[in-house]
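**Q** Quick one: sequence plus predicted model below, questions after.
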There are 2 protein chains.
Amino acid sequence: MSQEHEIEVTEDDRKFSVRSGVNLLEALQDEGYELPSLCGGMGLCGKCRVKVLAGDQTPTEADREFFSEEELQEGMRLSCRVEVGGDIVLAIPSLAQGKSEEATAKADLDEQLVDIEPDSGIVKVALDLEEPGRGDQRSDATRIADEFESSFSFPLEIMEGLPGKLRENDFSVTVTVDEPAGRLITVEGGKNQYESYGMAFDIGTTTVAGYGLDLETGRTLNVDSRENPQGKFGADVVSRIKYGRENEDGLDRLQSEIIRAINGLVQDFVDAGSIEREDIYRSTFVGNNIMLHLLAGVDPTHLDQAPYIPAFTDPQWFDADELGVKINPRGKLALLPSLAGYVGADVMGGVLQTEMHKSDDLNLLVDIGTNGEMVLGNKDKMYAASTAAGPAFEGANIEQGMTARAGAISHVSIDDEGQLELEVIEDKEPIGLCGSGIVDTVGELIKAGLIGEKGGIVSEKSALPRPTINPLGNRLIDMDGEKAFWLHVDNSPVFVTQQDVREVQLAKGAIKAGIEILLEEFGATAEDIDRVYLAGAFGNYLRKENIMRIGVLPNIDLDKIVSVGNAAGQGGKLALINRGKMEEVNQIARDVEYIELSFRSDFTEKFMSAMSFPEVAE
Amino acid sequence: MSQEHEIEVTEDDRKFSVRSGVNLLEALQDEGYELPSLCGGMGLCGKCRVKVLAGDQTPTEADREFFSEEELQEGMRLSCRVEVGGDIVLAIPSLAQGKSEEATAKADLDEQLVDIEPDSGIVKVALDLEEPGRGDQRSDATRIADEFESSFSFPLEIMEGLPGKLRENDFSVTVTVDEPAGRLITVEGGKNQYESYGMAFDIGTTTVAGYGLDLETGRTLNVDSRENPQGKFGADVVSRIKYGRENEDGLDRLQSEIIRAINGLVQDFVDAGSIEREDIYRSTFVGNNIMLHLLAGVDPTHLDQAPYIPAFTDPQWFDADELGVKINPRGKLALLPSLAGYVGADVMGGVLQTEMHKSDDLNLLVDIGTNGEMVLGNKDKMYAASTAAGPAFEGANIEQGMTARAGAISHVSIDDEGQLELEVIEDKEPIGLCGSGIVDTVGELIKAGLIGEKGGIVSEKSALPRPTINPLGNRLIDMDGEKAFWLHVDNSPVFVTQQDVREVQLAKGAIKAGIEILLEEFGATAEDIDRVYLAGAFGNYLRKENIMRIGVLPNIDLDKIVSVGNAAGQGGKLALINRGKMEEVNQIARDVEYIELSFRSDFTEKFMSAMSFPEVAE
């Protein structure tokens, strides 16, 4: 029996045994540590570095190539070059880095992408080209092109510098080709083949999220988000369309604001990953169609009035420098396809991520933001619709509504004794409610019998149908003739008004009526639904019980509801790292049938009755 | 028997009879008049206009749409709308226009292009789009794309203005798509579908030729040429490479000069055809590879020294606005492929035009300018080579050499009585000799026995081998110790010196030796050659007898020699109007094998012996 050694990883205080002579990188990977290794353990990429804190480990030649003398002294080693010959205590810097990013970004770095092989079509390789001579008079461009299977064109600015670049570097260069675009992107001197990145952006009306990915491995390296700075020109899409139409340079201003936010996210990725922006070779964009129009600088004005015609729904490809997005200037920007004016690339990205278009089951995808968008169907047919849900679910149009930031009440529970429990973002003194807080409040008040089927808050006097909820009675107040329920009183009182409840009813009624029409079109009933995917913040932060209590969805089992997080962003990431997925989302946009609810005579009637709250079950 | 009427066309004073009731356009076309009709005689394109000078002809509705009241008064009519009901005397304005262009340009408007269907891939159509409505919510871009079979992208600047453009024009627009580029080029308001043009440019070291073509019909509408303004930086390619290398901004200056010349030719086409430059949607470029490098702004410096490596040989596609060529800014510029540094796109274009790559016969293409390039082969295999022929055949390095302009002796004959006859361009007082004049002089002197096999001009005393050529003796002179032969004495004497003859020997020797090596590579002898295509000015202006007398070619029958004019330019035109031909020339460049003569140890020997003149046959 061979000897065993103990490996200790300081980041998570874990110890495990390995047989003498095993490769350290493989041992760590076997134990579940996700150390990247782009070169396949050849000692070339330097990504698998560890810091040996205890245990004798003589630096190898590869170590000396990658690390400074100081780093070597500190114990930096390429784990792929270490043959374990004794006990080792080590740290994994990439793990710590990942953790801190995760902590600051609070985001879905680890969300599971549909299991696919990365195949972005961005091909970056280091070439030691044959030097030309009497027996080899190929042109500089042909000398490079011959190294690739697919053909591509050379941009003028690269061709101009090509003869000098090759000879200054003794014909040793790193070449990046954008295969789907059929175009060479860069020729760099020396070897830089492991630095190949892309970014996926989710342009929300309120928030812009940016994901930084390694195109080679498909791994998400960074995620960050920023407020959409267009907010100063209007909180919702309609007011931004209006701003663009009514102000000279309005469109330009809206565009430059969003580009500024995107470039900020690029900078975040560059800083977090210590990478070069020139090594970011592609970006994808999802978002509602108005956001994508404003990104491209295209007037979305006709989306503002029936019949709601967008300038484009098909995928758009632009050069980065055309839009001023500061990745590699010859990198391509891909706007994912939309289905219609109000069913955008975000929804199509969500379908891509959930794979409902490949399923035998009947699935419903619901993405609720300022608008509510929903897709119903299976692999055979799919229908989609959009409703002006109203921004209630994002905390807007609500007396004390706010976005989900520090001080927002995000969750509310009322226990059987009528005791109220609040969750506040970052545990601050509450100053308002975000969307999930509002839904929770309304749901819990329905449960407690303080809001009736038609949506009325009970009057103070009749507020005590059950003795146990006695304490709640004190929270019912009259505010200048309007009924309200207070959640918190201190420096700033926080309450929910009757009008707030009405806003919730309008929003959820529209969504529920839309789902009913999709079911009719499909020829199914609520019972036939196998799964409901709740996308976006709505799905992530809301309690399913209260979603059902307020009746956003038809009556289905709670366990059929699955939160899929930012499915739109995930879809954008998929399309970024795999060109087949880009094709797939295009096909989805061609296959899904769009139903314009505002043209349907039966919508209003369904909407009216859907505004009621379901009867309390218990 | 139906009644006959007489039609008289004033341009060529022709009269012919037609049956009563026939369509005038068809009658004219039947008689061989090339009246364009893009709309197929529907009265839509206005291209078939005639001027009725005598004969009653009431204007039709289509006439009133196309012509002003004044024009109608003058007799302007659309011939496609005229049913002949009496004798008519008419003028055909397009005929007169064509003639005057021909006269001024002295060029190959009528040269026969290989018989192909125009299929440029530029598709321009007028669309009366369905207006959007409740039943049709397609996006603006989809609404257009659905009218086409192939898919294409919308450039950002078109997308930006698309919603406004469609609505300002009530959804009636003319759309131009560049199918091979997969890109939309323009969306214009209204109907403009018959204006679709392209230009082919032949960038010579000395002269730049521009051909303006109708992409729809494939007809050449205009041809013009300009001196290559790079000449001020050096007469030949080597001195221009040097200028670019040794001067700051040298490359930029060389580039902007050639672009200036090209834009001048664009303007010529615009003026001559009364067309809009925005309606010119594509350009092709042939030329030697150094000229194409300088056009693209790419340093050709490594073409100056062994192993003579160009930056590119594959076809290059640029946007017009990238290079500042003032056709439609989104039109594509296509640089045809080269084979090697000194076998350029001009030669590849020549192969395309002669179709020697499809022939069972063994053909030899020889294009002689500053360099001599030759291609030998058949449909199975082809070889090409280039020699530094020296510029003797262009009149350079010759004591009194000059380019082929007014005052240049272009042809020389010596009759049996020893009488000299000179042809001078534009019948001016001679001031020098152009290439054909030099070849003629040397050839005629060989015939007359005044130049021997080794190239020596006989001395004055032995100059009278035959009594009949007595008068020639007086023309032999001694110029500061160098023998010479004078052709003309008046204000400015014109003569050919012994050194001039040596230059011709160097030039022709290199070409002949190159051909011999190609024959060896192919495994054939001179007798196997079925046809020799002489391309370029050389072929057009030289007398075959003297080409053979000085021994440029191996010994073959005179009737195997065919002058093909500007085959390079014709090749560029073919690639312009038919995308299949663009593919074909790419395949040619891949299939032809290049032989670098300067690396061949046997070249020098062959060159030395090829410098001798053949024995005089008669």
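**A** Now that the structure is in, tell me what you want to look at.
**Q** Near the nearest residue to residue A:134 once chain neighbours are set aside, how many other residues are there?
**A** Spatial nearest neighbour of residue A:134, chain neighbours left out: residue B:599 (4.9 Å); criterion: C-beta to C-beta, 6 or more residues apart in numbering or on different chains. C-betas here are computed from N, CA, C, even on glycine. For residue B:599, the neighbour count with other C-beta atoms under 10 Å in any protein chain shown is 14.
**Q** Would you enumerate the residues in contact with residue B:599?
**A** A:134, B:306-307 (C-beta atoms under 8 Å, 6 or more residues apart in numbering or on different chains).
**Q** Rounded mean pLDDT for the helix or strand residue A:208 falls within, please.
**A** For residue A:208, the element it lies in under DSSP states H and E is strand A:207-214. Rounded to a whole number, the mean pLDDT of strand A:207-214 is 94.
**Q** what's near enough to touch the spatially closest residue to residue A:497 that is not a sequence neighbour?
**A** Distances taken as C-beta to C-beta, 6+ apart put residue A:484 closest to residue A:497, at 4.4 Å, once the chain neighbours are dropped. Residues counted as contacts of residue A:484 (C-beta under 8 Å, 6+ apart) are A:457, A:476-478, A:495-498.
**Q** quick one: which of these is nearest chain B?
**A** Taking C-beta to the nearest C-beta as the measure, residue A:498 is the one of the contacts of residue A:484 closest to chain B, at 36.3 Å.
**Q** Let's see the pLDDT reported for that closest one.
**A** 95.
**Q** Buried ones among the contacts of residue B:599?
**A** The neighbour-count test (16 or more other C-beta atoms under 10 Å in any protein chain shown) marks residue B:307 as buried among the contacts of residue B:599.
**Q** Can you flag which of the contacts of residue B:599 belong to strands?
**A** The strands, defined by DSSP state E, take in nothing from those.
**Q** Which of the contacts of residue B:599 sits closest to residue A:251?
**A** Within these, the smallest distance to residue A:251 is 54.3 Å, found for residue B:307 (C-beta to C-beta).
**Q** so how far is chain B from residue A:270?
**A** Separation of residue A:270 from chain B (C-beta to the nearest C-beta, to the nearest Å) stands at 25 Å.
**Q** Then residue A:443?
**A** Note on residue A:443: its distance to chain B, by C-beta to the nearest C-beta, is 35 Å.
**Q** Tell me who's in contact with that residue.
**A** Applying C-beta under 8 Å, 6+ apart, the residues near residue A:443 are A:543, A:545-547, A:549-550.
**Q** Would you mind listing which of the residues you listed are buried?
**A** Counted by 16+ other C-beta under 10 Å, these give A:543, A:546-547, A:549-550 as buried.
**Q** quick check, nearest of those to residue A:159?
**A** Nearest to residue A:159 among the buried ones among the contacts of residue A:443, with distances taken as C-beta to C-beta, is residue A:547, at 57.5 Å.
**Q** what's the closest non-adjacent residue to residue A:437?
**A** Nearest to residue A:437 is residue A:409, by C-beta to C-beta, 6+ apart, at 3.9 Å.
**Q** And the one you found, its phi and psi?
**A** Main-chain torsions, residue A:409, degrees, to the nearest 10: phi -70, psi 120.
**Q** Enumerate every residue touching it.
**A** So residue A:409 contacts A:422-424, A:430, A:432-434, A:437, A:441, A:487-488, A:494 (C-beta under 8 Å, 6+ apart).
**Q** Let me have the contacts of residue B:599 in JSON lines, adding pLDDT as columns.
**A** Formatted as JSON lines, these follow (pLDDT from 0 to 100):
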{"residue": "A:134", "pLDDT": "90"}
{"residue": "B:306", "pLDDT": "90"}
{"residue": "B:307", "pLDDT": "93"}
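**Q** As JSON lines, the contacts of residue B:599 with distance to residue A:366 would be great.
**A** Below are these laid out as JSON lines (distance: C-beta to C-beta, whole Å):
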{"residue": "A:134", "distance to residue A:366": "69"}
{"residue": "B:306", "distance to residue A:366": "70"}
{"residue": "B:307", "distance to residue A:366": "66"}
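**Q** Can you give me the domain assignment for chain A?
**A** Listed by automatic domain parsing, the domain ranges of chain A are A:4-103, A:122-189, A:197-335, A:354-613.
**Q** Residue A:169: neighbouring residues, count only.
**A** Neighbour tally, residue A:169, other C-beta under 10 Å: 16.
**Q** Distance of it relative to chain B?
**A** Taking C-beta to the nearest C-beta, one finds residue A:169 at 15 Å from chain B.
**Q** List the residues that contact the closest residue to that residue other than its chain neighbours.
**A** Nearest residue to residue A:169 in three dimensions, chain neighbours excluded: residue A:189, at 3.8 Å (C-beta to C-beta, 6+ apart). By C-beta under 8 Å, 6+ apart, the contact list for residue A:189 reads A:165, A:168-169, A:172-174.
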